[in-house]
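Q: below: sequence and its predicted model.
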Amino acid sequence: MAFDIEMIKKVYSQYGERIAAARKVENKPLTLSEKILYAHLWSGNATEAYERGESYVDFAPDRVAMQDATAQMALLQFMQAGRPKVAVPSTVHCDHLIQARDGAEQDLIRANKESSEVFNFLSSVSNKYGIGFWKPGAGIIHQVVLENYAFPGGLMIGTDSHTVNAGGLGMLAIGVGGADACDVMAGLPWELKFPKLIGVKLTGKLSGWASPKDVILKVAGILTVKGGTGAIVEYFGEGAESLSCSGKGTICNMGAEIGATTSTFGYDASMERYLRATGRAEVADGANAIKEHLIADAEVYANPEQFFDQLIEINLSELEPSMNGPFSPDLYTPLSRMREEAGKNGWPTKVEWGLIGSCTNSSYEDLSRAASIAKQAVEKGLVTKAEFGINPGSEQVRYTAARDGFLKTFEDLNATIFTNACGPCIGMWDRAGADKEEKNTIVHSFNRNFAKRADGNPNTYAFVTSPEIVAAIAISGDLGFNPMTDTLTNKNGEQVKLDPPTGFELPEKGFAVEDAGYQAPAADGSQVVVDVSPTSDRLQLLEPFEPWEGTDLKGLKLLIKAKGKCTTDHISMAGPWLKYRGHLDNISNNMLIGAVNYYNDKTDHVKNQLSGEYAAVPATQRAYKAAGIGSIVVGDENYGEGSSREHAAMEPRHLGVRAVLVKSFARIHETNLKKQGMLGLTFVDKDDYDKIQEDDSIDIIGLTEFTPGKPLTVVLNHADGSKDEILVNHTYNAQQIEWFKAGGALNIIRKGQ
């Protein structure tokens with residue numbers, strides 16, 4: 001079944017005219033990314049060329065996707081917007097609030113019991129406002145989107161950084177905060193700085209143990225966690241066409257780990273096969289009719305160095321399986337060097353767990369290739385030395401994989417089949433013994449491996465790799481095991497070698513499912529009542545933030561000077577805190593508790609300037625708020641990398657933080673701060689970070705003349721009576737300055753009613 005087919009037909013009907021207008025203003029051949037962006041201008045046909053990395057542009061996304069953890073705040077905001085129904089097709093997917101512990105059946109029952117209030121809220125809000133609702137157990141948002149909603153040439157946004165997965169079907173799919181989603185659902189334009197373009201030319205063809213995962217692990221090693229910031233990564237070449245659609249999705253998905261705005265591939269035969277296999281022949285036919293618009297112009301492919309801001313070439317025939325980690329998804333190590341690197345760095349080589357799943361590697365093809373390794377192990381008399389867990393990506397994938405025997409194969413190897421949900425990938429893993437914080441190693445096919453990410457243990461060394469390598473490493477129990485060269489001892493004492501994986505791009509018998517888990521909204525939701533109990537500790541209706549007072553900000557206290565990597569996991573942890581995603585005051589008790597204090601190298605331990613004592617970050621900030629005193633957070637490079645979670649911006653705003661001053665921002669987090677009426681500032685001179693002292697009282701000067709492109713002045717009033725004045729930059733345009741003045745973008749939407 002093809003959802004929203006009339007919308008897709010309308011998009012395709014406009015493509016020819018939109019691309020012709022874009023080519024006229026650009027006066028040059030166009031990349032695929034440029035075609036999709038220009039085809040989705042809010043204003044219609046292009047009348048001017050936009051400057052990459054400079055021009056702020058209003059776009060009209062085709063659809064919005066939300067997962068249950070972020071949907072709560074997005075929809076609580078939408079409820080305040082005064083609209084009777086969403087303006088574009090939108091969906092909610094319940095995949096984040098299911099904890100992995102005992103196995104799919106028991107875990108899902110427990111989640112439905114523990115989070116029933118949240119699931120009922122999301123179901124009723126979806127029913128009222130015309131939003132498609134995917135029930136708990138239906139699957140991971142991005143796998144479900146790829147199977148049902150993604151389409152070549154489309155533009156979508158989603159309240160999760162891995163929305164980019166849909167690039168595997170030729171979309172531009174971009175992760176945003178809930179406030180951006182609220183705007184689009186309310187029928188307003190969506191603003192984005194016109195991205196730069198990174199081209200990745202793929203030649204050759206994968207073989208043996210190499211997989212699509214190894215492509216993005218290699219790219220992450222090249223570009224690092226911030227090398228893609230402000231850019232779209234566009235893959236092309238004969239190697240790109242040789243990859244499956246779900247393999248392309250894996251590559252695009254983990255592009256979030258290099259900070260990329262999104263990643264995409266041109267429309268090809270693998271996408272057509274996938275569309276037809278998932279019941280969307282009508283979409284495939286429509287894409288075929290405008291195929292020339294769903295790939296870059298021929299001149300781009302012939303001379304890519306002329307059309308991309310950066311060009312990378314990778315020969316798939318030479319690509320070696322690899323692992324990235326620990327603690328950072330860009331720390332690249334080819335499998336052949338892992339034993340050496342582990343010894344050199346003191347990484348534990350005994351592997352405790354192998355985990356397959358998450359939105360990036362939970363497709364039918366992924367499970368089939370991993371199952372081929374598991375099947376060999378059973379047949380060759382091997383047993384797993386590590387514990388083994390599987391999260392299928394959707395109920396459709398799970399049902400089909402069960403029908404075709406893959407899940408039985410995993411179970412024969414003593415694997416635990418968890419729910420079709422994020423589970424350990426998002427920290428929803430009740431791992432036995434994690435509270436002991438023992439040093440240990442796990443391998444997984446997820447996308448992120450920040451400290452504490454999977455199990456809350458800061459001493460878990462997590463390595464990212466492909467599903468087939470996860471299976472091999474779990475069987476061996478050895479981080480340094482290389483299945484291409486090494487043998488294993490079976491239960492008969494024989495030395496056996498694993499053969500390279502085999503698998504199926506698509507199920508030979510077709511996909512099958514009894515109940516995919518979809519709930520359509522009411523045709524008329526006007527009579528649907530959404531109740532939120534005033535005594536609930538899971539949900540809380542929002543109150544508007546106060547507008548700017550019209551003066552410079554003076555006497556701000558330094559809340560924390562964060563040292564080193566400070567991701568959204570450090571600012572607003574997931575795991576057990578996910579349960580409070582719909583209650584702003586309660587979840588604010590996790591604000592910045594993972595950030596490292598520059599002055600003592602401790603987490604959640606900062607100086608309260610009012611008492612002179614050290615305390616938890618949220619408690620200290622609540623003391624400042626109670627005293628009517630604002631504060632400022634200072635950070636390092638790429639502040640706010642990782643998840644799109646806007647709670648990392650809303651919590652400081654709610655508790656009275658007025659500004660965040662850093663060396664550089666991750667894109668989504670900077671936008672989230674702006675949307676909530678916060679000041680996101682960067683040092684003109686990054687060395688000024690060192691001038692900030694623990695007892696500083698800080699002034700921000702120039703706000704009464706706050707204008708685009710004009711730096712502000714920050715005065716550091718030190719405890720000894722001396723002071724430093726430093727310049728700080730901002731990227732606010734005129735509209736974003738209005739958000740700041742109004743106290744947040746939602747206040748402007750509300751006023752418009």
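A: That came through, no problem. Computed from a prediction, not measured in an experiment: that's the story for all the values here.
Q: got the contact list for G16?
A: Counting by C-beta atoms under 8 Å, 6 or more residues apart in numbering, G16 touches I290, H293. From N, CA and C alone the C-beta is placed, and that goes for glycine too.
Q: and if you look at the one 10 residues further on?
A: Contacts were defined as C-beta under 8 Å, 6+ apart; by that measure E26 touches E34, A46, A49.
Q: ditto for N729
A: Contacts here follow C-beta under 8 Å, 6+ apart; on that basis N729 touches L681, T682, F683, V684, P711.
Q: please name the nearest non-neighbouring residue to it.
A: Leaving aside its sequence neighbours, N729 sits nearest to T682 (C-beta to C-beta, 6 or more residues apart in numbering; 4.9 Å).
Q: from I632, how far off is the one you found?
A: Distance, T682 to I632, by C-beta to C-beta, to the nearest Å: 13 Å.
Q: who has more neighbours out of those two?
A: Each of T682 and I632 has its neighbours counted (other C-beta atoms under 10 Å); I632 has more, 26 against 19.
Q: what number of residues lie near the spatially closest residue to Q396 that is not a sequence neighbour?
A: Once flanking residues are discounted, Q396 sits nearest to V513: 4.3 Å by C-beta to C-beta, 6+ apart. Neighbourhood size, V513 [other C-beta under 10 Å]: 17.
Q: before we move on, what about D690?
A: D690: 10 surrounding residues under other C-beta under 10 Å.
Q: next, the contact list for the closest residue to N482 other than its chain neighbours, please.
A: In this structure, N482 finds its nearest non-sequential neighbour in L335, 5.1 Å apart by C-beta to C-beta, 6+ apart. Residues near L335 by C-beta under 8 Å, 6+ apart: W209, E320, P321, S322, M323, I469, N482, M484.
Q: between which two of those is the distance greatest?
A: M323 and M484 (13.4 Å; C-beta to C-beta).
Q: who has more neighbours out of these two?
A: Neighbour tally, M323 and M484, criterion other C-beta under 10 Å: the higher count belongs to M323, 28 against 15.
Q: list the residues that contact the more buried one.
A: By C-beta under 8 Å, 6+ apart, the neighbours of M323 are L217, T333, L335, M338, V443, F463, V464, T465, I469, L479.
Q: look up how far N482 lies from the first one.
A: It stands for L217. With the distance defined as C-beta to C-beta, L217 ends up 15 Å from N482.
Q: those two: which has the busier surroundings?
A: L217 (29 against 20).
Q: so the more buried one: helix, strand or coil?
A: Here L217 is recorded as helix under DSSP: H, G, I helix; E, B strand; the rest coil.
Q: that one contacts E320, correct?
A: No: taking C-beta atoms under 8 Å as the definition, L217 is not a contact partner of E320, at 10.0 Å.
Q: quick one: low-confidence parts of the stretch 351-500 of the chain?
A: When residues are selected by pLDDT under 70, none of them lie in the stretch 351-500 of the chain.
Q: where do the strands sit along it?
A: Along the stretch 351-500 of the chain, counting by DSSP state E, counting those that start in this stretch, strands occupy 351-356, 387-390, 416-417, 440-444, 460-464, 488-489, 495-496.
Q: for the stretch 251-400 of the chain, which segments count as helices?
A: With DSSP state H, counting those that start in this stretch as the criterion, the stretch 251-400 of the chain has helices at 269-277, 281-289, 298-302, 338-345, 364-379, 395-403.
Q: nearest to E651 among the contacts of E26?
A: Scanning these for proximity to E651, where the rule is C-beta to C-beta, the winner is E34, at 36.7 Å.
Q: what helices and strands are in contact with the helix or strand bottoming out on mean pLDDT in the chain?
A: Within the chain, no helix or strand scores below helix 745-751, which has a mean of 81 by mean pLDDT, DSSP states H and E. Using 3 or more C-beta pairs under 8 Å, 6 or more residues apart in numbering; DSSP states H and E, the elements in contact with helix 745-751 are helix 178-185, helix 667-675, helix 734-742.
Q: could I get those helices as JSON lines with mean neighbour count?
A: Output for the helices and strands packed on helix 745-751, formatted as JSON lines (neighbours: other C-beta atoms under 10 Å):
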{"stretch": "helix 178-185", "mean neighbour count": "28"}
{"stretch": "helix 667-675", "mean neighbour count": "27"}
{"stretch": "helix 734-742", "mean neighbour count": "18"}
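Q: got those helices as a markdown table, with mean pLDDT and distance to A150 columns?
A: Below are those laid out as a markdown table (pLDDT from 0 to 100; distance: least, C-beta to C-beta, whole Å):
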| stretch | mean pLDDT | distance to A150 |
| --- | --- | --- |
| helix 178-185 | 92 | 17 |
| helix 667-675 | 92 | 20 |
| helix 734-742 | 95 | 29 |
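Q: which of the contacts of M323 tops the neighbour count?
A: Counting neighbours by other C-beta under 10 Å, V464 comes out on top of these with 32 neighbours.
Q: list the contacts for that residue?
A: Contact analysis of V464 by C-beta under 8 Å, 6+ apart lists 213, 217, 254, 323-325, 329, 443-449.
Q: repeat for A289
A: For A289, the contact set (C-beta under 8 Å, 6+ apart) comprises Y12.
Q: thinking again about what came up before, show the buried residues in the contacts of N729.
A: Among these, those buried by neighbour count (16 or more other C-beta atoms under 10 Å) are L681, T682, F683.
Q: quick one: buried residues of stretch 344-352?
A: For stretch 344-352, the neighbour count (16+ other C-beta under 10 Å) marks W347, P348, V351, E352 as buried.
Q: other residues contacting it?
A: By C-beta under 8 Å, 6+ apart, the residues outside stretch 344-352 that reach it are 326, 339, 341-343, 385-387, 439-443, 461, 473-474, 476-480.
Q: what distance separates the start and the end of it?
A: End-to-end span of stretch 344-352 (C-alpha to C-alpha, to the nearest Å): 20 Å.
Q: tell me how far it lies from the chain's centre.
A: 28 Å (C-alpha atoms, centre = their mean, to the nearest Å).
Q: still on that earlier bit, tell me which of the helices and strands packed on helix 745-751 sits nearest to G433.
A: helix 667-675 (32.9 Å).
Q: so which elements touch the helix or strand that that closest one is followed by?
A: Of the helices and strands lying after helix 667-675 in sequence (DSSP states H and E), the nearest is strand 679-683. Judged by 3+ C-beta pairs under 8 Å, 6+ apart, strand 679-683 is in contact with strand 657-662, helix 667-675, strand 723-729.
Q: return the list of strands paired to the last one, each annotated with direction.
A: In its sheet, strand 723-729 lies beside strand 679-683 (antiparallel), strand 712-717 (antiparallel), with partners assigned from DSSP bridges.
Q: got the contact list for the shortest one?
A: Strand 679-683 has contacts (C-beta under 8 Å, 6+ apart) with 553, 658-665, 670, 673-674, 689, 700, 712, 714, 726, 728-731, 740.
Q: quick check: ChimeraX command selecting the buried ones in the residues you listed.
A: To isolate the buried ones among the contacts of strand 679-683 in ChimeraX, judged by 16+ other C-beta under 10 Å, type:
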select :553,658,659,660,661,662,663,664,665,670,673,674,689,700,712,714,726,728,730,731,740
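Q: just to revisit the earlier point, quick one: which of the contacts of M323 is nearest G187?
A: Closest to G187 out of the contacts of M323 is V464 (39.1 Å), distances taken as C-beta to C-beta.
Q: that older thread, of the contacts of L335, which is the nearest to S644?
A: Nearest to S644 among these: M323, at 25.6 Å, using C-beta to C-beta.
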